[in-house]
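Visitor: only geometry, no sequence info:
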């Protein structure tokens, strides 16, 4: 049997989904990837185009507008390369540093003046295909509904929206940067320009209000230069998480442990408000192995949560695309149940939890969904923290309808305006 592939190096803002790329590399990767996709699926583009009036790429999916004519390359190659060449032509001035919304963030405080903890959880490859695709939704819908019912019964308020991601099938770091900066970061040139700028992001703004800021990044095994720019007080990378149990797949660290670690070391008995960013990654392709849910959190302390290590799979295993699609659903059943258990049993009451996808899964998950939207949820036992997002279009529940949509770069302005309380400043004056 083929040996399991070597896991990617680096971290979730750049390097988790693909090697570190500089501006020229995406063009070459897109040409090679699109050419391979067309060669591997002859006739797919023509058939899809005649059916829909648009262009089709087996990895990206159907484009939103058909091309006026065919060129020397198949349309999928031309469309992708044109988009990448356009991004190469970006100049530094095209990073539009939209002013950050002014906010005193006093709406995060409870009646006793205590600011809520803010926890931002990114779920790898969490896309709206789970909500819309006929191969996915019927299998995962009972889990969504059961999780929502139990959370509401326990006192949680939940609102959700479909957030349009700047990336599809990979490039998680661009989605992370877009949500936290309030700027649309859809290519490497803009990402690099952001890191060269003085833009204040969500962790910077909360730190200015007295928050301790931390990030849990189990996929980071090497240096992460971006960490200094984002200004986190502490980074829990793969080594810093200090997981001592059985290894689980490529990433070795189960997501349920990551949730437990941040609660134990940061949220439990915290003296100051905490902003924590967590990247959960077991839902990364190949969506296997998925460990069983651990009932006793303290077994992570003893290193006895799992009986033995669980190995990943070789690339040859990707050939059964139907099975890969089923695994994708299984991975999110694990993620949803892990989050539910963490929310019900560990998360402090005065906490706002934000759960967001980064991008849709690659087309290898055999979904027919070409949207670039991802689910984005806000949850808290304090109703006012959740209702602050109503004006931005967030609706009740975990299953947002198709018309509840928000560009991902609009999240930070919605967060800041939703928790601004100018009347308090006026009263004080």
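Guide: It's in. Just so it is clear, the structure is predicted and the values come from calculations on it, not from any experiment.
Visitor: so where do the helices sit in the stretch 101-250 of the chain?
Guide: Applying DSSP state H, counting those that start in this stretch to the stretch 101-250 of the chain gives helices spanning 129-132, 137-153, 172-181, 188-195, 202-207, 226-230, 238-241.
Visitor: which of those helices has the highest mean neighbour count?
Guide: helix 172-181 (a mean of 27; mean count of other CB atoms under 10 Å). C-betas here are computed from N, CA, C, even on glycine.
Visitor: find the nearest non-adjacent residue to residue 159, please.
Guide: Excluding the flanking residues, the one nearest residue 159 by CB to CB, 6 or more residues apart in numbering is residue 394, at 3.8 Å.
Visitor: swap that for residue 297, sorry
Guide: Distances taken as CB to CB, 6+ apart place residue 260 nearest to residue 297, at 5.3 Å, with adjacent residues excluded.
Visitor: for that neighbour, give its distance to residue 298.
Guide: Distance of residue 260 to residue 298, given as CB to CB, to the nearest Å: 9 Å.
Visitor: which one of the two is surrounded by more residues?
Guide: residue 260 (25 against 11; other CB atoms under 10 Å).
Visitor: touching, the more buried one and residue 300? I think so.
Guide: Yes. Counting by CB atoms under 8 Å, residue 260 touches residue 300, with 5.4 Å between them.
Visitor: which residue lies nearest the spatial centre of the chain?
Guide: Closest to where the C-alpha atoms of the chain average out (CA atoms, centre = their mean) is residue 358, at 2.8 Å.
Visitor: ok, which stretches of the stretch 201-350 of the chain are strands?
Guide: Assignment of strands within the stretch 201-350 of the chain using DSSP state E, counting those that start in this stretch yields the ranges 212-216, 234-236, 274-280.
Visitor: name the stretch among those that sits most buried.
Guide: Stretch with highest mean neighbour count among the strands of the stretch 201-350 of the chain: strand 274-280 (a mean of 25; mean count of other CB under 10 Å).
Visitor: and that one, which strands flank it?
Guide: Take DSSP bridges as the rule and strand 274-280 pairs in its sheet with strand 117-123 (parallel), strand 212-216 (parallel).
Visitor: what lies in contact with that strand?
Guide: If you take CB atoms under 8 Å, 6 or more residues apart in numbering as the criterion, strand 274-280 is touched by 12, 16, 117-124, 172, 176, 180, 202-203, 206-207, 211-219, 232, 255, 258-259, 262, 266-267, 335, 338.
Visitor: how about 7 Å then?
Guide: Applying CB atoms under 7 Å, 6 or more residues apart in numbering, the contact partners of strand 274-280 are 12, 117-124, 203, 206, 211-219, 255, 258-259, 262, 266-267, 335.
Visitor: one step back: list the contacts of the residue nearest to residue 159.
Guide: If you count contacts by CB under 7 Å, 6+ apart, then residue 394 has 159, 160, 161, 378 around it.
Visitor: what's the end-to-end length of stretch 371-387?
Guide: 27 Å (CA to CA, to the nearest Å).
Visitor: oh, I was asking about stretch 209-224
Guide: 25 Å.
Visitor: ok now that stretch, how far from the chain's centre?
Guide: 15 Å (CA atoms, centre = their mean, to the nearest Å).
Visitor: distance-wise, check the nearest residue to residue 334 once chain neighbours are set aside relative to residue 337.
Guide: Using CB to CB, 6+ apart and skipping residues adjacent in sequence, the residue nearest residue 334 is residue 290, 4.7 Å away. With distances taken as CB to CB, residue 290 is found 10 Å from residue 337.
Visitor: quick one on the thing from earlier: can you redo the strands of the stretch 201-350 of the chain as JSON lines with mean pLDDT and distance to residue 389?
Guide: Output for the strands of the stretch 201-350 of the chain, formatted as JSON lines (pLDDT from 0 to 100; distance: least, CB to CB, whole Å):
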{"stretch": "strand 212-216", "mean pLDDT": "97", "distance to residue 389": "21"}
{"stretch": "strand 234-236", "mean pLDDT": "96", "distance to residue 389": "27"}
{"stretch": "strand 274-280", "mean pLDDT": "98", "distance to residue 389": "17"}
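Visitor: now tabulate these in a markdown table and tack on distance to residue 353.
Guide: A markdown table is the format used below for these (distance: least, CB to CB, whole Å):
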| stretch | distance to residue 353 |
| --- | --- |
| strand 212-216 | 14 |
| strand 234-236 | 18 |
| strand 274-280 | 10 |
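Visitor: contacts only, for residue 349.
Guide: Residues counted as contacts of residue 349 (CB under 7 Å, 6+ apart) are residue 381.
Visitor: swap in 10 Å and give it another go.
Guide: Counting by CB atoms under 10 Å, 6 or more residues apart in numbering, residue 349 touches 110, 116, 117, 155, 380, 381, 382.
Visitor: for residue 117, same thing?
Guide: Contacts of residue 117 (CB under 10 Å, 6+ apart): 108, 211-212, 266-267, 270, 272-276, 347-353, 380.
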